[in-house]
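Asks: pasting the sequence and the predicted model now:
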Amino acid sequence: LVGECTSQNLANIAWAGAVANAAAPSLFDDDFINACLEKEDEFTLEALYQLHQWQLWQEELKSEINLPPSLREKCFLEAFLPTVPTPSALPDDVILELSSIGLQLEEEVLTHRGYPLDALVEVNGNKIGIEFDGTSHFVSRKPTGSTILKQRQITNLEGIRIVSVPYWDWNKLRKNRSKKQQYLR
């Protein structure tokens, strides 16, 4: 069945499995890997990005099924790393308020596995990623699959807890600095 899929179909199936976090060893097997290899030159950058996230999911599952090293490297170097956004979406007042409560932050951090974070702080020896999540991160105020996957993989694979600052929460606080500081604590 997977042999009949287009390269984009393979990437979509892989990404959907990763987002759902539903192990499917009968689907993601040697036949799946071989189908990916056969279509390696047909994958778009978007598809390679999706395959990288699938590969990270296999790490999460501690699976023995992996993309071959050459395809893993292609996914990471050609598709995942170049998509790092610049500059950060973190508003200046979030940075100001994080600093006001005594946190030293590093802005626009790239994790070891290639995920960008708006900011990284350390609290009591624990790394916490701060993400200011705008409208593209939500559907009806629920996180999108991409947002869920990113947060889960950073937490599970990088050991960094993610704190999301949804745009509607932050906008509701307006210019009240004490409420903003309280929110961030």
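Replies: Yep, that arrived.

Asks: and the helix ranked longest in the chain, how far out from the chain middle?
Replies: If you go by DSSP state H, the chain has its longest helix at helix 45-61. Using CA atoms, centre = their mean, to the nearest Å, the mean C-alpha position of helix 45-61 is found 10 Å from that of the whole chain.

Asks: could I get the buried residue list for it?
Replies: The neighbour-count check on helix 45-61 (16 or more other CB atoms under 10 Å) flags 47, 48, 49, 50, 51, 52, 53, 54, 55, 56, 57, 58 as buried. C-beta: built from backbone N, CA, C; applies to glycine.

Asks: for residue 150, give me its contacts.
Replies: Counting by CB atoms under 8 Å, 6 or more residues apart in numbering, residue 150 touches 115, 162.

Asks: confirm that it sits in a helix.
Replies: Yes: counting by DSSP: H, G, I helix; E, B strand; the rest coil, residue 150 is found in a helix.

Asks: please tell me how far the residue nearest to residue 57 when sequence neighbours are not counted sits from residue 55.
Replies: In space, and not counting its chain neighbours, residue 57 is closest to residue 18: 3.7 Å by CB to CB, 6 or more residues apart in numbering. For residue 18, the distance to residue 55 equals 9 Å [CB to CB, to the nearest Å].

Asks: for residue 39, same thing?
Replies: For residue 39, the distance to residue 55 (CB to CB) stands at 16 Å.

Asks: before we move on, back to that, next secondary structure element downstream of the longest helix of the chain?
Replies: Scanning forward in sequence from helix 45-61 by DSSP states H and E, the next helix or strand is helix 69-74.

Asks: report all helices and strands that that following helix contacts.
Replies: Here helix 69-74 touches helix 45-61, going by 3 or more CB pairs under 8 Å, 6 or more residues apart in numbering; DSSP states H and E.

Asks: what's around residue 131, how many residues?
Replies: As a burial measure, residue 131 scores 22 neighbours (other CB atoms under 10 Å).

Asks: oh, that last question was meant for residue 43, not what I typed.
Replies: By other CB under 10 Å, 23 other residues sit near residue 43.

Asks: what's the answer for residue 162, then?
Replies: 19.

Asks: which residues touch it?
Replies: Shown in contact with residue 162 (CB under 8 Å, 6+ apart): 117, 128, 129, 131, 150, 151, 154, 155.

Asks: swap in residue 17?
Replies: Here residue 17 is in contact with 24, 27, 28, 54, 57 (CB under 8 Å, 6+ apart).

Asks: what about the strands in the chain?
Replies: With DSSP state E, the ranges of strands along the chain come out as 105-110, 116-123, 126-133, 138-139, 142-143, 161-166.
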